[in-house]
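>>> turn this into a structure:
(4 chains)
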Number of protein chains: 2
Amino acid sequence: MLSMLRAAGLRVTAPRRAVVWALAFGPSHSTAMQLLERASAYHPALGRASVYRTLEVLSRLGAVRPWAGVHGEPEFVRVLEGHHHLMCSYCGELEEMPHCGEECPAEELTDGSRIHGHLVELIGVCASCAQKEETCT
Amino acid sequence: MLSMLRAAGLRVTAPRRAVVWALAFGPSHSTAMQLLERASAYHPALGRASVYRTLEVLSRLGAVRPWAGVHGEPEFVRVLEGHHHLMCSYCGELEEMPHCGEECPAEELTDGSRIHGHLVELIGVCASCAQKEETCT
DNA sequence: CTTTCTGCAAAAGATTTGCAGTTCT
DNA sequence: AGAACTGCAAATCTTTTGCAGAAAG
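Okay, here's the model as predicted:
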């Protein structure tokens, strides 16, 4: 993501490096505050505002997307590599799904556009809940 | 969505009907405040809190999903019918994509789970921007 | 009739903004 | 040197919560 900053003519500074580091080497989605906390280990002087400002920049570049977490908490998701979840409306858990390769069906839906990332969210009942229910019936 | 409330043993009240009406007959995604405004036409006494509470209930039932809008503003998306967007990271526009049928490839990614809705977001450069760029080169 | 839901207003948070100082290029 | 970026703290705004009263089943 640092190279994306450079390519866009933006500066690569310590605070930005810290946030990118926290994004790249942490979980695929986190809240702004979690990122602040993790990135602080890398650059202790980091302030809240810079985290938000960096996330805004990265969103504009398409490296990250704001996303509403399991209970609606605002989070940011690394999006360059593609991302699939299953939100189970029965147990309320978010199940991360295996990564998709180059030929992810989600990216086939397009016309002349150039896709470089995606976020797929399925809403339904997860396999383990579905099985539990059958057992009950 | 009213029947989903009944099926879950929850009450169907005027405020809830108003919010469901605003969701069902309005755009596929809106902010809580926009819903409040529209639903007020239907039930003028409606208060903010009830909108949030109803949206919370509908999210738990899987009829709606919180979602981060174009610039990250929290919105709610009708999700039962499936939903596809393309976020163009060049022009920043959100392009709504044609609705998918029953055999939407997005829903094929599953194992034993039962899917009843989905939200697909592609991040990339939209067709018209992609074309513009070619012309420039 | 009981339990759930509602509106109000206050409280709690999260995100944004202005500004003086710092740091890339 | 000049423009871009940062941290701080204050301001703004959205969402949540407590509670007394109303209404659905």
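>>> CA atoms for contacts and neighbours, from now on please.
Fine.
>>> what mean pLDDT does stretch A:12-24 have?
Stretch A:12-24 carries an average pLDDT of 95.
>>> actually, stretch A:35-51.
For stretch A:35-51, mean pLDDT is 94.
>>> after whichever helix in chain A runs longest, which helix or strand is next?
For chain A, the helix with the greatest residue count under DSSP state H is helix A:48-61. Using DSSP states H and E, the helix or strand that follows helix A:48-61 in sequence is strand A:64-68.
>>> would A:His85 count as being in a strand?
Yes. Membership of A:His85 in a strand is supported by DSSP: H, G, I helix; E, B strand; the rest coil.
>>> surely it and A:Val77 touch.
No. Checked against CA atoms under 8 Å, the pair A:His85 and A:Val77 is beyond contact range at 11.5 Å.
>>> compare the two (neighbour count), which wins?
A:Val77 (23 against 17; other CA atoms under 10 Å in any protein chain shown).
>>> is that one in a bridge, and if so with what?
Taking DSSP bridges as the rule, A:Val77 bridges to A:His29, A:Arg65.
>>> list the residues that contact the residue in chain A that DNA strand D sits nearest to.
When scored by CA to the nearest atom of the strand, chain A has A:Leu46 as its residue closest to DNA strand D, at 3.0 Å. Contact analysis of A:Leu46 by CA atoms under 8 Å, 6 or more residues apart in numbering or on different chains lists A:15, A:36, A:39-40.
>>> just the ones of those residues in helices?
Short answer: the contacts of A:Leu46 in helices (DSSP H) are A:15, A:36, A:39-40.
>>> which among those gets closest to DNA strand C?
A:Pro15 (8.1 Å).
>>> list the contacts for the residue nearest to A:Glu73 when sequence neighbours are not counted?
Once flanking residues are discounted, A:Glu73 sits nearest to A:Thr31: 7.6 Å by CA to CA, 6 or more residues apart in numbering or on different chains. Shown in contact with A:Thr31 (CA under 8 Å, 6+ apart): A:73-76.
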